[in-house]
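Enquirer: just the structure for this:
(one chain, ligands or ions: 1)
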Amino acid sequence: MNYKASRGTRDIFGANALGMSLLEQKSKEIFRKHGFEEVRTPIFEDASLFMRSIGQVTDIVEKEMYIFEDKGGRKLALRPEGTASLARAFVEHRMGVSNPAGKFFYVGEMFRYERPQAGRYRQFHQIGAEFYDSSSPAADAEIIILAQDLLACIGISEIKVHINSLGCQKCRPLFKEALIKYFASVGDLCQDCIRRLDKNPLRVLDCKADSCKFTDAPQMTDYLCDDCSGKFDMVRSLLKSAGCNCVVDGKLVRGLDYYTRTVFEIRSDAVGSQDALAAGGRYDNLVKEIGGQSTPAVGFALGSQRALLAAQNTDFFNNLSSPEKIFVAIADQELFNDAFAFAIKVTRNGLKDNRPLA
Ligand code: AMP
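Expert: Residues are numbered from 1 along each chain as shown. Coordinates of the predicted model:
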C-alpha cells in the first residue's frame, strides 16, 4: 500500500520549511522587542473550552473540530485556534501576576475539519499574539500594526486591513434585532442561516452561500453606543497616524463568538479566495467567561502557510528557492547565530566540523 499524507495535511520541506522557520524566528524577535512572552499550550484541550469560548453556533464548533474521547472517557479536542487555550492558561496560572504587561505570543499547529483548498488546510500553523488587561484603543492598534509587521518581515506589503466594530453588550442587541428584521425581509435563506437566525444572527451575515444577497444589510457601525463609537474612531485614527490605511468593512463579523468591539482581517490579492492572511480582534468578556477575573483583551493570529503563499513572488521567497542565497537571507535577517543557520552552512559548504566559515 502507498501511504499519502492525510487529506488537508501537508509535508513541509525545502523552501517552504525554510520560509516557515524564518517567519517564525523573525516573528519571535519582533514579539520580544514589543515585550511579548512566549506560551506553548497543549495541542489538545477539554473540548468544552472551545465550545464555550468560540460559541456553539459557529462553523468551528458545529462542523470543524477534531473531537475524540481518550481512554479515560474525557472528551478532548485538537485545538482549532490559540486564543481560547491561551486564555485558559492565563487564568489557570494567574499569568497576569507573573507578567503584568499582559503580552503573550504563541506559535503552533491548529486543526480544523474544513474543505481543503489552496491556503486552507486541516492542519495549519498559526503565529498569534494576545494583549491582556488593556481596554485602550492603543492596544488594538498595536496588535494590528504587529500583524502587519510580521507580514512585512517576509516581504508582504501589498495588503488591505479590513476593520469593523461589533459593539458591546449594550449596543449589539439593537443591531441583532435590526438584522433579524432585515433577514426576514430578504427571505429564501439557506438551511444553516434559518437555523442560526434566532441564536446567532451575526453568523448569517457571513454565510458563504447567502452573503451575496445581503448588500443592503444593516451595519453595526450605525448602532454603536457612544463609548464603542469613540473607541472605534480612536483605533482608526491611531492606525492612520502609524501609516496604516484601513478600510471599514461593515460585513466583517469573524467566525468566533468571543469578539467584542474591534475586529479585523488583513487580506492580500496575491492569494486566491482564502485571502485573509491574519485576523483578530478584541474579546473583553472571554477571560471572565472561562472563570477568570474580568480582563479586557485583544489579539490576532496569522496563518503561516497562507502568509508564505502570499510571499511566493517576493524577494524573500525567491531567495529561499535559490540555495546560494539562503545563507545571505539568514545573515541579512540577523538570525545567524543558531543551530538552524549552522545547519544550512554545513549543507551548503559540506563542512563536517565546527570550523568557522569566516
Ligand atoms: P482565525 O483563527 O479563523 O481568526 O484565522 C486566523 C488566520 O489563520 C487566518 O487569517 C488564516 O491565515 C489562518 N487560517 C485559518 N484557518 C485556516 C485553515 N484552515 N488553513 C490555513 N490557514 C488558516
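
Enquirer: pretty sure Phe264 is touching Gly280, no?
Expert: Yes - assessed by Cβ atoms under 8 Å, Phe264 is found in contact with Gly280 at 6.3 Å. Every C-beta, even on glycine, is put in place using the N, C-alpha and C of the backbone.

Enquirer: overlap in contacts, the two.
Expert: Jointly contacting Phe264 and Gly280 under the rule Cβ atoms under 8 Å, 6 or more residues apart in numbering are 144, 300.

Enquirer: neighbour-wise, which of the two wins?
Expert: Taking neighbours as other Cβ atoms under 10 Å, Phe264 and Gly280 compare with Phe264 leading, 30 against 27.

Enquirer: so the more buried one is in which element?
Expert: For Phe264, the element it lies in under DSSP states H and E is strand 260-267.

Enquirer: pairing partners for that strand, with directions?
Expert: Partners of strand 260-267 in the sheet, by DSSP bridges, are strand 160-165 (antiparallel), strand 276-282 (antiparallel).

Enquirer: got the phi and psi for the residue nearest the centre of the chain?
Expert: By Cα atoms, centre = their mean, the chain has its centre lying nearest to Ala301, at 2.2 Å. Main-chain torsions, Ala301, degrees, to the nearest 10: phi -130, psi 140.

Enquirer: among the strands paired with strand 260-267, which comes closest to the ligand?
Expert: Among those, strand 276-282 comes nearest to the ligand, with 3.7 Å by Cβ to the nearest ligand atom.

Enquirer: so how far is the closest one from its chain's centroid?
Expert: Here the centre of strand 276-282 is set off from its chain's centre by 5 Å, with Cα atoms, centre = their mean, to the nearest Å.

Enquirer: same check on stretch 221-232?
Expert: Worked out by Cα atoms, centre = their mean, stretch 221-232 lies 24 Å from the chain centre.

Enquirer: chain neighbours aside, what residue packs nearest to Arg120?
Expert: Spatial nearest neighbour of Arg120, chain neighbours left out: Gln274 (4.8 Å); criterion: Cβ to Cβ, 6 or more residues apart in numbering.

Enquirer: residue of this protein nearest the ligand, please.
Expert: Closest contact between the chain and the ligand, by Cβ to the nearest ligand atom, is at Gly303 (2.3 Å).

Enquirer: show me the shaky parts of the stretch 251-358 of the chain.
Expert: Scanning the stretch 251-358 of the chain for pLDDT under 70 picks out 321-358.

Enquirer: so which bits of it are right by the ligand?
Expert: Residues of the stretch 251-358 of the chain found near the ligand (Cβ under 6 Å from any ligand atom) are 255, 276-279, 301, 303, 305-306.

Enquirer: what residues does the stretch 51-200 of the chain have near the ligand?
Expert: In this structure, the stretch 51-200 of the chain approaches the ligand at residues 81, 112, 114, 119-121, 124, 126, judged by Cβ under 6 Å from any ligand atom.

Enquirer: what two of these are the furthest from one another?
Expert: Spatially, the most separated pair among these is Glu81 and Gly119, at 16.4 Å (Cβ to Cβ).

Enquirer: if we can go back for a sec, who's in contact with the residue of the chain closest to the ligand?
Expert: Neighbouring residues of Gly303 by Cβ under 8 Å, 6+ apart: 119, 124-126, 276-278.

Enquirer: give me that answer again for 10 Å
Expert: Contacts for Gly303 (Cβ atoms under 10 Å, 6 or more residues apart in numbering) come out as 110, 119-121, 124-128, 274, 276-279, 309-310.

Enquirer: do the same with Glu64
Expert: By Cβ under 10 Å, 6+ apart, the contact list for Glu64 reads 54, 58, 80, 111-115, 122, 255.
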